[in-house]
Every structure is written in structure tokens, then in C-alpha cells.
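> Output the structure for:
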Amino acid sequence: MSSKTLLSLHTFLRSRRSIRKFNGQRIPEEILREILETATFAPSAHGLQPWRFVLVEHQAARQSLALALTDKMQADMRRESAPEAEITARVKRSMKRISEAPHIILLCRDTEAVRIQSPEETLMGVQSVAMAGLQLMLAAHARGLGANWICWPLYAQAEVIRALHLPSTWQPQGMVFLGYPAEQAGEKALKPLDEVLLTIDGTTPLFYE
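Predicted coordinates for the structure are as follows:
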């Protein structure tokens, strides 16, 4: 790989941003399938590929998904004594975003993908699905598309399974809103590398000393 190509790749990876506003244009089916297939090339623990994708296109299914998520959201917010006005505004905003997103891809972890059920294996499956999610968003970015990772399904996994009539083993982990951008994302506020990096070498005092 040439130094110019390497620089371009780093520039591309650093240019990905979360996009929350879309122009409503539909993505051709062949491009959607290309993006999803690229996502399946992500690494996974033991090579088990526990990710499952649900493309939520029909408005009736979106309505069911929105109600499942916002009903649980309202219950959780009321339990935390949130003001009713805040609850109403958040529900309305969430319903609107689900309705207007050009495409919604729900990412699930198939609990039957692992043979050994343990907390560690469960977490490795969750990590694998997250890697597929990032790969999906990078594939979308390469096509000039915008994407936004949404964690809402984590708070209502059983409700989402029922609402979309999913297999009981498909545990929702997150969803991606996908479409052509209608906004120019700004720069990211990143912590300096040295703030998040610890190098263990012969001169580094170990914590237990």
C-alpha cells in the first residue's frame, strides 16, 4: 500500500461522523445489500458471526417499533420522576425520527450463536455485533451516506422482539438510521491521545509496585 493510499485511508476513517438529518432520498436496494454484506466481514469472537440484521422498511413495522420503544421510555422516565413535558417532547421527537429515517437497520445478537453460555461469551457476542455496526457505518460512509448509531433498543429488548415478531433468540443491541445526509457534520471534540493511552514498557512503573 502506497503512502498516499495509506494517508487517504486514515483521512477517510477520521472523517466519519454521526448524521442525524437526512434528505429523505431512498437508497437503492443493491447499495443497501452491498453495505450489509460488507458489515458481515467484521471480526467476531471465535468467528461465530452472531450478528443478525433487520431492515425495518414498512411504516406499520416502524410504528410498532416506535411504540415499543417509547412506551418503555415513558415508563422508565416516569419511574425517574421526569417532568411530563420532558417525557412528551422526547417521545414525540423519537417517534418522528423513527418515522422519517430513510432506512432503519436493527442489529441483534443471536443468543444461539455461542455454544457455551457464560457472561464472558455473552459480552464477546455483544462486542462482535458492535464491530459489525461500525463496519456497516464505514461502508455507508464510503458510499457517501450518513449513519447514526442508536442505542434505544437496549432499553426495550423484549418489547422490540415482540413488536417486530423477531425470533426469540435475536437480542436487539442497537439500530442504525441510514440515508443521504442533509447536514454537514462538524468537527469532533476528541480527547488527546496521551490522555487515553498507557504504554507499558521497561521504564513505566507498574501500579502494583
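> ok, residue 132 - contacts?
The contact partners of residue 132, taken as CB atoms under 8 Å, 6 or more residues apart in numbering, are 39, 40, 42, 44, 51, 107. C-beta: built from backbone N, CA, C; applies to glycine.
> now those residues in a markdown table, with neighbour count, pLDDT and secondary structure?
Shown next, in a markdown table, are the contacts of residue 132 (neighbours: other CB atoms under 10 Å; pLDDT from 0 to 100; DSSP: H, G, I helix; E, B strand; the rest coil):
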| residue | neighbour count | pLDDT | secondary structure |
| --- | --- | --- | --- |
| 39 | 23 | 98 | helix |
| 40 | 13 | 98 | coil |
| 42 | 19 | 98 | coil |
| 44 | 18 | 97 | coil |
| 51 | 26 | 98 | strand |
| 107 | 23 | 98 | strand |
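> Run through who's touching the helix or strand of the chain with the lowest mean pLDDT.
Sorted by mean pLDDT, DSSP states H and E, the helices and strands of the chain end with helix 3-14, the least confident at a mean of 83. Counting by CB under 8 Å, 6+ apart, helix 3-14 makes contact with 1, 138, 141, 142, all of which sit outside it.
> For the last one, grab phi and psi.
As for residue 142, its main-chain torsions (degrees, to the nearest 10) stand at phi -60, psi -20.
> Name the nearest residue to it, ignoring sequence neighbours.
Counting by CB to CB, 6 or more residues apart in numbering, residue 142 lies nearest to residue 12, which is 7.3 Å off, once chain neighbours are set aside.
> would you list every one of the strands in the protein?
In the chain, the segments counted as strands under DSSP state E are 51-56, 103-110, 146-150, 170-179.
> Throw the ones you listed into CSV and include distance to residue 25, thanks.
As requested, those are arranged in CSV below (distance: least, CB to CB, whole Å):
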stretch, distance to residue 25
strand 51-56, 17
strand 103-110, 10
strand 146-150, 11
strand 170-179, 7
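> Out of those strands, which gets nearest to residue 81?
Closest of the strands of the chain to residue 81 is strand 146-150, at 24.8 Å (criterion: CB to CB).
> Could you list the buried residues of that closest one?
Using 16 or more other CB atoms under 10 Å as the test for burial, strand 146-150 gives 146, 147, 148, 150.
> Ok, stretch 126-141 next?
Using 16+ other CB under 10 Å as the test for burial, stretch 126-141 gives 126, 128-133, 135-141.
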